[in-house]
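> With the sequence up front, the predicted model follows.
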Amino acid sequence: DGGITQSPKYLFRKEGQNVTLSCEQNLNHDAMYWYRQDPGQGLRLIYYSQIVNDFQKGDIAEGYSVSREKKESFPLTVTSAQKNPTAFYLCASSRDRLLTGELFFGEGSRLTVL
Amino acid sequence: AQKVTQAQTEISVVEKEDVTLDCVYETRDTTYYLFWYKQPPSGELVFLIRRNSFDEQNEISGRYSWNFQKSTSSFNFTITASQVVDSAVYFCALSEDGAYSGGSNYKLTFGKGTLLTVNP
């Protein structure tokens, strides 16, 4: 089955620790995205990548980092600099670099900072 | 200014009722795309529909219908004869070409979502 796989589904972290969320797609899509979802806040874009070895900051990139070394993988690291990291994180991909088509989403990763 | 407004935070209906979810958007671009996504309790967003700014035809897909009106900058979503399985958070989203808005067609701007609960 083609799709997007995010792991882990649930993650707990102590304050001051970095954590990496995995996102893998087998849809052969060029573009990939990371969104953060907070209750009642909708989805906000953290980073996006339109092609391998290239990525751009979204609206709330501070405290996060990404890499795009392979077309199918776009991991997100939540660093200790992120002031309020507890949230639901969604990875997505799109066939087109220009968002004229749909986004395909993973099932999300819920991060809780203890 | 918020570019996509979903004024209804939560809606609760009884099964078989019709329900309309409102979406108002703001852009200065003449070329843009509007989307609706559904997020069931499992968390994964599912694409429902895409509309470009040059196509104001309303669309119907089974029990779902969409009303796009550029004159009021609205893209409303109606579920006819709602079912319990329709319970989810629904998001409206906008992609702009950026010619006048300064926005970007490399990303979607989402509304805050409407939680729809359909009770048996």
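Now that the structure is in, tell me what you want to look at. Numbers count the residues shown, from 1 in each chain, chains lettered A, B, ... in the order given.
> Okay, now the unreliable bits of chain B?
B:1-2, B:99-106 (pLDDT under 70).
> Could you show which parts of it are in contact with chain A?
Within reach of chain A by C-beta under 8 Å from any C-beta of the partner chain, chain B has these residues: B:9, B:33, B:35, B:37, B:42-47, B:50, B:52, B:91, B:95, B:105-108, B:110-113. (Glycine included, C-beta is placed from N, CA and C.)
> bridging residues for residue 93?
Picked chain A for this. Counting by DSSP bridges, A:Ser93 is bridged to A:Met32, A:Phe104.
> my bad, the chain I had in mind was chain B
Applying DSSP bridges, one finds that B:Ala93 bridges with B:Phe35, B:Phe110.
> My guess is it contacts B:Thr109. True?
Yes. Between B:Ala93 and B:Thr109 there is a contact under C-beta atoms under 8 Å: 6.3 Å.
> what's the neighbour count on the closest residue to B:Lys16 other than its chain neighbours?
Nearest non-adjacent residue to B:Lys16, counting by C-beta to C-beta, 6 or more residues apart in numbering or on different chains: B:Ala81, 5.2 Å away. Residues lying near B:Ala81 (other C-beta atoms under 10 Å in any protein chain shown) number 12.
> Count the residues that sit near residue 62.
In the absence of a named chain, this looks at chain A. 10.
> wait, chain B
Quick note: B:Gly62 (other C-beta under 10 Å) scores 8 neighbours.
> likewise A:Thr79?
By other C-beta under 10 Å, neighbour count at A:Thr79 equals 15.
> just checking, it touches A:Val66?
No. Between A:Thr79 and A:Val66 there is no contact under C-beta under 8 Å: 11.2 Å.
> Look up the closest residue to B:Asn58, ignoring the ones flanking it.
B:Asn67 (5.3 Å).
> Contact partners for the residue nearest the centre of chain B?
For chain B, the residue whose C-alpha lies nearest the mean C-alpha position (C-alpha atoms, centre = their mean) is B:Cys92; its distance is 3.2 Å. By C-beta atoms under 8 Å, 6 or more residues apart in numbering or on different chains, the residues touching B:Cys92 are B:Val4, B:Gln6, B:Leu21, B:Cys23, B:Tyr25, B:Leu34, B:Phe35, B:Trp36, B:Phe75, B:Phe77, B:Phe110, B:Gly111.
> Please repeat the previous calculation with a cut-off of 7 Å.
Going by C-beta atoms under 7 Å, 6 or more residues apart in numbering or on different chains, B:Cys92 touches B:Val4, B:Gln6, B:Cys23, B:Leu34, B:Trp36, B:Phe75, B:Gly111.
> Next, the contact list for the fourth one, please.
If you count contacts by C-beta under 7 Å, 6+ apart, B:Leu34 has them with B:Tyr25, B:Arg51, B:Phe68, B:Phe75, B:Cys92, B:Leu94.
> Most neighbours of all those, which one?
B:Cys92 (28 neighbours).
> Using the three-state scheme, assign the residue nearest to B:Lys16.
In three-state terms, and counting by DSSP: H, G, I helix; E, B strand; the rest coil, B:Ala81 is coil.
> The residue nearest the centre of chain A sits in which helix or strand?
Nearest to the geometric centre of chain A sits A:Trp34, at 2.8 Å (C-alpha atoms, centre = their mean). A:Trp34 is part of strand A:31-37 when elements are defined by DSSP states H and E.
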